[in-house]
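Trainee: What follows is a predicted protein model with its sequence.
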Amino acid sequence: MKMEIIHLTGENLPDFQSLYVEFFRELRGKQGWKPDEEESYRREAETYFKRGDVIFLAYEGEPAGFIRLSSREGCFWVEELFVRPEFRGRGIGRALVERAEEEVRKHDDSLYLFVLPQDKDAIAFWKRLGYDTINTVELVKDLKPSERTTFHTVELLGERFKIFRWRGEKFTEEEKRFMELLKEFYQKGGTGEAFLRAVNAVLEKWLAGVEECREALERVGIETGVTPAELWTYLNARTYENDVYGPADVISSEYLLLHEVREIECLKARGFEITPNVITENPDVAYECHLKALEDELELALERGDREWLEKRLGDLKGHLEDENLPEGLKERVLELTARFEKC
């Protein structure tokens, strides 16, 4: 059914009130708080309408979502954006925001909003729409004992802050590990300056590695869609055992560089994102792509008549048969490749 976005009128006020109630039920559920009485939310929604807040409703046959804007101190703010769960993923949220932006442009050139740091879906949504400038940081101090005692530790430019834990949080394992390490860091006497020094050192190393990868790809002239950042990430990805060849070995060797690029291409073609965990989380596919890349590498050595490299890598290939992590179904593939190139 076609989506329709309308400016709220008194006739549609009951729809807005119902959506407003749903919005707070969902939010309080995530926060672990008991929602207020439904009637209080309905009165609140009516108050916003009567005072002239800019409110748009989205319909797909029935009320699907809303966005509410307020104006204070000369600025327009997104106060709430809500799409009912069964209507999500259809572009309704984006359409509501775009309609709101269209309205704001008649009066101003900026639109502000607050987003809760625990709401990863909301943060990702707003960033996709171009909202990526932090304007203020809202701080809270409990002036009396609070029932909420569980927090995550986060930081901004080395300054330590806390955020409440939510029910059903969607933090990745890497994000949760980061917050755990950060909490331990500060508990053991770490400072903001020490944190920034450590982060800067890691970023400098990463940037230098990406630049080396860029130069290596240009030097060899491999036609590929693999980016220098993906290559550097993959060269430092987690594996089951120590790699025989490190990043420096790969970057300095045309054969190994071709191998890694082809391996990454294979993983990307199968829909995998190149992350530090892509190998350990997808071992069977990673091994399969590794053997495919090794075949391309051996063919290049054969084409160039490089017997020394061919024999060296055939030895590495045979070694896979003793690798306890090699998927059983790929042993035949190793034997096939070994037999094929030993005949050459």
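Mentor: Looks like it arrived, so ask away.
Trainee: List the contacts of the most centrally placed residue in the chain.
Mentor: Residue closest to the average C-alpha location in the chain (C-alpha atoms, centre = their mean): residue 124, at 7.9 Å. Listed by C-beta atoms under 8 Å, 6 or more residues apart in numbering, residue 124 has no contact partners. C-beta here means a position set from N, CA and C on the backbone, and glycine is covered the same way.
Trainee: The same query, at a cut-off of 10 Å, please.
Mentor: Residue 124 is in contact with residue 170, counting by C-beta atoms under 10 Å, 6 or more residues apart in numbering.
Trainee: same thing with residue 97?
Mentor: Going by C-beta under 10 Å, 6+ apart, residue 97 touches 56, 67, 78, 81, 111, 113, 125-126, 129-131.
Trainee: Strands - which of those land there?
Mentor: 56, 67, 78, 81, 111, 113 (DSSP state E).
Trainee: that older thread, per-residue pLDDT of the residue nearest to the centre of the chain, please?
Mentor: In this prediction, residue 124 carries a pLDDT score of 94.
Trainee: how close does it sit to residue 22?
Mentor: Applying C-beta to C-beta, to the nearest Å, the value for residue 124 to residue 22 is 21 Å.
Trainee: Repeat that for residue 212.
Mentor: From residue 212 across to residue 22, the span is 52 Å (C-beta to C-beta).
Trainee: ok, now residue 119?
Mentor: 16 Å.
Trainee: Kindly report the same for residue 317.
Mentor: The spacing between residue 317 and residue 22, counted by C-beta to C-beta, is 59 Å.
Trainee: which helix is the longest one in the chain?
Mentor: When the chain is parsed with DSSP state H, its longest helix is helix 192-220.
Trainee: what's the pLDDT at residue 148?
Mentor: 64.
Trainee: got it, and residue 242?
Mentor: Reported pLDDT for residue 242: 69.
Trainee: Check residue 340 too.
Mentor: Model confidence at residue 340 (pLDDT) stands at 91.
Trainee: Tell me if I'm right that it and residue 295 touch.
Mentor: Yes - using C-beta atoms under 10 Å, residue 340 is in contact with residue 295, at 8.6 Å.
Trainee: So those two - more neighbours on which side?
Mentor: Neighbour totals were compared for residue 340 and residue 295, and residue 295 leads with 18 against 13 (other C-beta atoms under 10 Å).
Trainee: The more buried one: what's it in contact with?
Mentor: When contacts are counted by C-beta under 10 Å, 6+ apart, residue 295 touches 259, 262, 317, 333, 336-337, 340-341.
Trainee: Could you measure from it over to residue 21?
Mentor: Distance from residue 295 to residue 21, by C-beta to C-beta: 61 Å.
Trainee: got it, and residue 259?
Mentor: Residue 259 is 58 Å from residue 21, where distance means C-beta to C-beta.
Trainee: Which parts of the stretch 51-200 of the chain are helices?
Mentor: Ranges of helices within the stretch 51-200 of the chain are 92-104, 120-128, 173-187, 192-220, based on DSSP state H, counting those that start in this stretch.
Trainee: Just name the most buried of the ones you listed.
Mentor: Across the helices of the stretch 51-200 of the chain, the average number of neighbours (mean count of other C-beta atoms under 10 Å) peaks for helix 92-104, which reaches a mean of 18.
Trainee: tell me the mean pLDDT for it?
Mentor: What helix 92-104 shows for mean pLDDT is 97.
Trainee: Next, the angle from it to helix 120-128.
Mentor: Counting by axes from the mean of the first three to the mean of the last three C-alpha atoms, to 10 degrees, helix 92-104 lies at 50 degrees to helix 120-128.
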